[in-house]
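> Please find the sequence and the predicted model below.
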Amino acid sequence: MSSEAQPISSARFVEALKELPSSSLALKVLELRNSIAHLDYSNAELRPFAEGTTPTLDQQATPGAAPQPDQDCKDAIAENEAVIARMQARIELIRAEVEGRGLSWREFQGTADEVATAAPSTEDATEHEAARTSTSTSTATNAVNGHPQGADSQHEAWRDGTFQTGTIRGSDELLGELINRIPPEDDEQDTDGGMHL
């Protein structure tokens, strides 16, 4: 993180919460949860490189060399975990504000599936991380591209629609589709030479 862009202090955050309507508080909770999901996913992607179980691109250039833990990935995971902890603390501050207004926190939690994964306490987060790590290492042999298969083993961001995939096609096929979508030229109908403003 840039030394110039430090997050605001918890005290300033709490002060700012007091002026927000409850709808903005709900949006902030969703924003924080979305950010946490992205950071969790990023950490899961970085972990094999940080542990040295998957070679980095630099290491792949040296044939026969055993993969080594990558310090940059370790640092990125540590930074992400610090940010996740700060975001979880912010969610707890929002919860205190919501409950202080006499509102129900349940309304901010979403569906039952979201409740189970949203804003775990420090102990829950540790247990969740340990369970996730043991699941990912125990199922690595039944995996595609290093990711365990099955809906239960997918990261929450893939299940809730935060991340989505599509199909990348060969350039010839894509070019053919685009050309087919262009209407044929008809000089009699287009007197402006194709310029339409």
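Great, that's in hand.

> CA atoms for contacts and neighbours, from now on please.
OK.

> I'd like to know which helix or strand in the chain has the lowest mean pLDDT.
helix 112-117 (a mean of 41; mean pLDDT, DSSP states H and E).

> Excluding residues flanking it in the chain, which one is nearest residue 46?
Excluding the flanking residues, the one nearest residue 46 by Cα to Cα, 6 or more residues apart in numbering is residue 73, at 5.8 Å.

> quick one: contacts for that neighbour?
By Cα atoms under 8 Å, 6 or more residues apart in numbering, the residues touching residue 73 are 46-47, 49-50.

> and those, which of them are in helices?
Of the contacts of residue 73, the ones assigned to helices by DSSP state H are 46-47, 49-50.

> can you put those in CSV and add distance to residue 88 and neighbour count?
Converted to CSV, the ones in helices among the contacts of residue 73 look like this (distance: Cα to Cα, whole Å; neighbours: other Cα atoms under 10 Å):
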residue, distance to residue 88, neighbour count
46, 21, 18
47, 21, 20
49, 26, 20
50, 24, 22
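
> nearest to residue 180, of those residues?
Of all the ones in helices among the contacts of residue 73, residue 46 has the smallest distance to residue 180: 41.3 Å, by Cα to Cα.

> which residues touch the closest one?
Here residue 46 is in contact with 73-74, 77 (Cα under 8 Å, 6+ apart).

> That one and residue 34, how far apart?
Residue 46 is 18 Å from residue 34, where distance means Cα to Cα, to the nearest Å.

> what residues does stretch 89-106 touch?
Residues contacting stretch 89-106 (Cα under 8 Å, 6+ apart): 10, 13-14, 17-18, 22, 25, 29, 32, 119.

> How many neighbouring residues does the residue lying closest to residue 69 once chain neighbours are set aside have?
Nearest residue to residue 69 in three dimensions, chain neighbours excluded: residue 52, at 3.7 Å (Cα to Cα, 6+ apart). Around residue 52 there are 16 other residues, counting by other Cα atoms under 10 Å.

> do the same with the one 5 residues further on
Counted with other Cα under 10 Å, residues neighbouring residue 57 total 8.

> Can you give me the pLDDT of the nearest residue to residue 51 once chain neighbours are set aside?
Take residue 51 and drop its neighbours on the chain: the residue closest to it by Cα to Cα, 6+ apart is residue 69, 4.9 Å away. Per-residue confidence at residue 69 stands at 90 (pLDDT).

> Quick check on residue 69: phi, psi?
The phi/psi pair for residue 69 (degrees, to the nearest 10) reads phi -60, psi 140.

> Against residue 14, how distant is it?
Using Cα to Cα, residue 69 is found at 39 Å from residue 14.

> How about residue 71?
From residue 71 to residue 14 the distance is 35 Å (Cα to Cα).

> Could you verify that residue 19 is part of a helix?
No - judged by DSSP: H, G, I helix; E, B strand; the rest coil, residue 19 forms no part of a helix; its state is coil.

> What is the burial count for it?
There are 10 residues near residue 19, going by other Cα under 10 Å.

> Likewise for residue 5?
For residue 5, the count of nearby residues is 7 (other Cα under 10 Å).

> which stretches of this structure have low pLDDT?
Scanning the chain for pLDDT under 70 picks out 1-3, 110-171, 174-175, 178, 184-197.
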